[in-house]
Structures are given as C-alpha cells and as structure tokens.
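A.B. asks: Compute the structure for the input listed below.
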Amino acid sequence: MDAETADTSFWKDTCSRAGDGCFSIGGELPVRRLGFGTGGLVGPGYWGPRHDDPQRAVVLLRQAVERGVTLIDTADNYGPDVAEELVARALHPYAEGLVVATKGGVVRTGPDVWHIEGRPERLRAMCEASLRRLRRDTIDLYQLHRLDPEVPMADQLGALCELRREGKIRHIGLDSVGAAELRQAQELAPVASVQNRYNLMDRASEDVLELCEERGTAFLPWFPLGHGALTGGAGEALGAVAAQHGASTGQIALAWLLHRSPVLLPTPGTGSPAHLDENLAAAGIALTDADMAQLDAVADHA
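C.D. replies: This is a model prediction of the structure:
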C-alpha cells in the first residue's frame, strides 16, 4: 500500500518506541527522525550511478527500511533520474507509513554542473516526471531544490500549491533558504519542511532552525556529516565524546543533531551496508548535557 493511503497509527506507535524519536511532517506524516538520503547511491558530482550493478543500491535501500528507516530523501537530479528510479525499483510497492521525499527545480547537465529552473510549467513537468519514476500517485514531500531568483516566489510556490490541490503533492518543502525567505514563503504556501546545510561544524542556518522550531517545520540538514569532514575526526572535543561512548565521530555528529533539536531530521547517505548500520546506530547514543557542551565547543573553536 502506498504511504498516501496508509493508516499512520502504525508508525505513530513505532515512533513512540524509537530511540531517535519521531516527527510528524506537516503534522500528519510521522517519521523516525534518522532517515536515509540517496545522494550516496549516485556517482561523483551526483552524475550517473555509483555502482555498475544497480542491485547493490537496491539491496541497500531495502536494508535501510528493514532497519526501521521511515523517511527516504531523494531528488530528480541525482543521476539525474537514477536515484528516484532506484528508490522505486527497491521499495515499490511502498511499505505502509514509508515517507518518500524528493526535490525538483534544479536541472543537472554534468558532474557538479547544474542550473536552477523555477518556471511554473517546468516545475509541473519535473514533478510529474518524478511521480512516474517513483511510481507514485502522490509525492509525500516535494521540496523546491532552489528558489529561482529569476521567477517570483509567488509563481514558484503557486505552481506547487496547484499540484498539491490536484493531489500530486501532499506537502511542500524548500531547500537552501534564509529565515526571511522562509517567513515570506510561509505566507504564500503551507511549507512543511526546510532542507538547509547544517551540521556540528556549520551552523550558519541557526536562525532558520530557530524559526522551524517556532513554527513546527521539519528541518532536514544536508551534509549532516560535513560531506565526510566529520567522519575522520573534527577536533579534540568530538574525538573525546566519541571515545566515551565507544562510537565513531560520525555517529556522534549524527547523535548531536538528534539531540540538538526535535525538528532536525538528518538523512545521511551512503553506498555501504556497513556505513548504513553505523549511521543508524547513532540513534541509540544518549548524549549528556556535558557531552553537548563539549560538542558545542567544537564549532566555537573551529
């Protein structure tokens, strides 16, 4: 059964027992807060597949869901198209309560080469293409990958609101926005999520996080591990906390996000089953107030 027709009570019960807690996106889509991002399933520069054998990615996605992940975060330009197709190949028909988020509004033309495209007709075409690739009638969370500075915000969000009224989108999200933009956007549309860069070492979006907390908006931090910078150790304080818990620095960085705010929903990506297990185990790490103070000092002295 697709998530859009599922009874959410099952996942509400599951979330209440989950070590990493639960958050209801848009007040109606309960997910475990530690999700899975699909950027690690595609090649360098988000171009092409990561593995010659797509079955490796299929198995990994299924393992993520089997291990309790209820939020899958993807995008149409990962590949492009590759990640969404892998999600459908691995997970369709979708498990009850599984929330799939995708993004549109960016067109990728090569490795690390892309441009913003926010014209309403293009957003509609991209959303409908994502629906076909994901084999869905409704996208749980459709996030505008970037606001197009050449197109009025009202026109971009108006297109998404129209798709929402048609039942093609359940909830609307924004990627890489400032606090003022978020306030403006929420006057124009029911914005359920924000996806900004945010991690232990990069807290430039602190004001956006505070606004999300105030308004009950989900915040999906991208590069939650600092694009790999945190996994090798990021200062004495991070290493010390990791040693105290018998954990990796990457696990502690994820645990910090889960403890930092109840609206933070990290979706780390990987192409490795072992790394997947390591990431998900971070949900079981209980950081103390003293740990959090030590970790806050990592950014203060970075």
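A.B. asks: For the stretch 101-250 of the chain, just list every one of the helices.
C.D. replies: Applying DSSP state H, counting those that start in this stretch to the stretch 101-250 of the chain gives helices spanning 120-134, 153-165, 179-188, 206-215, 236-245, 249-260.
A.B. asks: Kindly report which one of these carries the lowest mean pLDDT.
C.D. replies: Mean pLDDT is lowest for helix 236-245 out of those, coming in at a mean of 91.
A.B. asks: pLDDT averaged over stretch 62-77 - what is it?
C.D. replies: In the prediction, stretch 62-77 has an average pLDDT of 98.
A.B. asks: Do me a favour and get the end-to-end distance for that stretch?
C.D. replies: With Cα to Cα, to the nearest Å as the measure, stretch 62-77 spans 22 Å from end to end.
A.B. asks: Give the buried residues for that stretch.
C.D. replies: 63-65, 68-77 (16 or more other Cβ atoms under 10 Å). All C-beta atoms are positioned from the backbone trio N, CA, C, and that covers glycine.
A.B. asks: In CSV: those residues, plus distance to residue 43 and secondary structure.
C.D. replies: Formatted as CSV, these follow (distance: Cβ to Cβ, whole Å; DSSP: H, G, I helix; E, B strand; the rest coil):
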residue, distance to residue 43, secondary structure
63, 21, helix
64, 20, helix
65, 23, helix
68, 28, coil
69, 23, coil
70, 27, coil
71, 24, strand
72, 19, strand
73, 18, strand
74, 15, coil
75, 14, coil
76, 16, coil
77, 13, coil
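A.B. asks: Go through the residues you listed and name the one nearest residue 32.
C.D. replies: Closest to residue 32 out of the buried residues of stretch 62-77 is residue 70 (4.9 Å), distances taken as Cβ to Cβ.
A.B. asks: now the closest residue to residue 50 other than its chain neighbours: how far from residue 121?
C.D. replies: In space, not counting the residues next to it along the chain, residue 50 is nearest to residue 271; the distance is 4.9 Å by Cβ to Cβ, 6 or more residues apart in numbering. If you measure residue 271 against residue 121 using Cβ to Cβ, to the nearest Å, the figure is 35 Å.
A.B. asks: Residue 162 now?
C.D. replies: 11 Å.
A.B. asks: More neighbours: which of the two?
C.D. replies: Between residue 162 and residue 121, counted using other Cβ atoms under 10 Å, residue 162 has the larger neighbour count: 14 against 9.
A.B. asks: Now do the contacts for the more buried one.
C.D. replies: Neighbouring residues of residue 162 by Cβ atoms under 8 Å, 6 or more residues apart in numbering: residue 124.
A.B. asks: change it to 7 Å
C.D. replies: Counting by Cβ atoms under 7 Å, 6 or more residues apart in numbering, residue 162 touches no other residue.
A.B. asks: quick revisit: please convert the helices of the stretch 101-250 of the chain to CSV, extending it with distance to residue 173.
C.D. replies: Shown next, in CSV, are the helices of the stretch 101-250 of the chain (distance: least, Cβ to Cβ, whole Å):
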stretch, distance to residue 173
helix 120-134, 13
helix 153-165, 9
helix 179-188, 10
helix 206-215, 11
helix 236-245, 30
helix 249-260, 18
